[in-house]
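Asks: got a predicted structure here, sequence first:
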Amino acid sequence: MNSIIFGVNGQDGFYLNKILLKNKIQVFGVSRSINNWIHGDVNNRSFVEDLIKKNQPAYVFHLAANSTTQHYALFENHETISTGTLNILEAVYKFSPRTKVFLSGSAMQFENKGLPIDEQTAWSASSPYSVARIQSVYAGRYYRKKGIAVYVGYFFNHDSPLRTERHVNQKITKYIVDKKSGALELGNIKVQKEFNFAGDIVEAIWVLVNQNTVFETVIGSGITYSIEDWLEYCFKKVNKNWQDYVKIQQNFIPEYQILVSNPQLIKSLGWQPTVNFMQLANMMMGDI
């Protein structure tokens, strides 16, 4: 039995690869980066078709994306998320119809009124990223009607030591661990979000694709903390006061004040997160 992971080089791909290997499933990982994986682009239709036709995978996971809502990534997000999804689904439909397909969704594609978000929450085309995610899900629903097992997991914030420093949690931990000089510049630290572990999130993917009653679900803990809470905990680990090092950017406008899931559905399938806020911080700081 084998599988294909598009976007294997990201943190989600890393932890998903470990789960698949643990379950004795061969992994064909695809990345645009030059590395030990297959070099390719999910936006290339002939490449995707050839790969799926040749390997007849039991599972295909589409995790590839530039995880930013900024306008500059408009076409990249469209090509990777929207077109990539169509390339995968059409190839599966034509050449490997028994394949199960997982599409990553995002909390950012929902209308956010500060309340817990679940599968019934309306969508909001608030950014090029959310537009691409919404289109991807509609494509998945279309091919599901044509008999393909298509699953969607709507991810809420999740981190790991593999995160890049453009994500605020890692920006903070790296500043402390690497003993960087100068002020740590941050935006609105009152923002509340979930602090999930990427390894837990991909465990939920595995639970989802191995049952046949639920095909779309939000994936998160339903527990929020503020960025200030993260600052407080991380700096305390090295016996320092974050106020002595942080410069707050004035007039910074965050994308949201709070972003939280209602994970009742995924938990009903037997999934539970195992890493809490403090454990995640310890992990990302190398437990110093």
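Replies: Structure's in. What do you need? Residues are numbered from 1 along each chain as shown.
Asks: can you give me the pLDDT of Gln109?
Replies: Note for Gln109: predicted pLDDT of 95.
Asks: what's the neighbour count on it?
Replies: Using other Cβ atoms under 10 Å, Gln109 has 25 neighbouring residues. Backbone N, C-alpha and C define where each C-beta goes, glycine included.
Asks: backbone torsions only: list them for it.
Replies: With angles defined as degrees, to the nearest 10, Gln109 sits at phi -90, psi 0.
Asks: that one against Pro128, yeah?
Replies: No. The criterion here is Cβ atoms under 8 Å, and Gln109 misses it with Pro128 at 11.2 Å.
Asks: could you pull out the helices in this structure for me?
Replies: Ranges of helices in the chain, per DSSP state H, are 11-22, 45-55, 74-77, 84-95, 128-145, 168-177, 198-209, 227-236, 264-268, 277-284.
Asks: quick one, which of those gets closest to His158.
Replies: helix 198-209 (4.5 Å; Cβ to Cβ).
Asks: tilt between that closest one and helix 11-22?
Replies: Interaxial angle of helix 198-209 relative to helix 11-22 (axes from the mean of the first three to the mean of the last three Cα atoms, to 10 degrees): 60 degrees.
Asks: what lies in contact with helix 198-209?
Replies: 11-12, 14-16, 18-19, 23, 59, 61, 100, 102, 151, 153, 155, 158-160, 162-163, 214, 217, 219-221, 266, 269-271, 273-275 (Cβ atoms under 8 Å, 6 or more residues apart in numbering).
Asks: generate a ChimeraX selection restricted to the buried subset of those residues.
Replies: If you want just the buried ones from the contacts of helix 198-209 in ChimeraX, going by 16 or more other Cβ atoms under 10 Å, the selection is:
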select :11,12,14,15,16,59,61,100,102,151,153,155,158,159,160,162,163,217,219,220,221,266,271,273,275
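Asks: re earlier: reformat the helices of the chain as TSV; add distance to Ile117 and mean pLDDT.
Replies: What follows is the helices of the chain, written out as TSV (distance: least, Cβ to Cβ, whole Å; pLDDT from 0 to 100):
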stretch	distance to Ile117	mean pLDDT
helix 11-22	19	96
helix 45-55	31	97
helix 74-77	20	86
helix 84-95	21	98
helix 128-145	13	96
helix 168-177	20	96
helix 198-209	15	98
helix 227-236	19	97
helix 264-268	11	98
helix 277-284	19	97
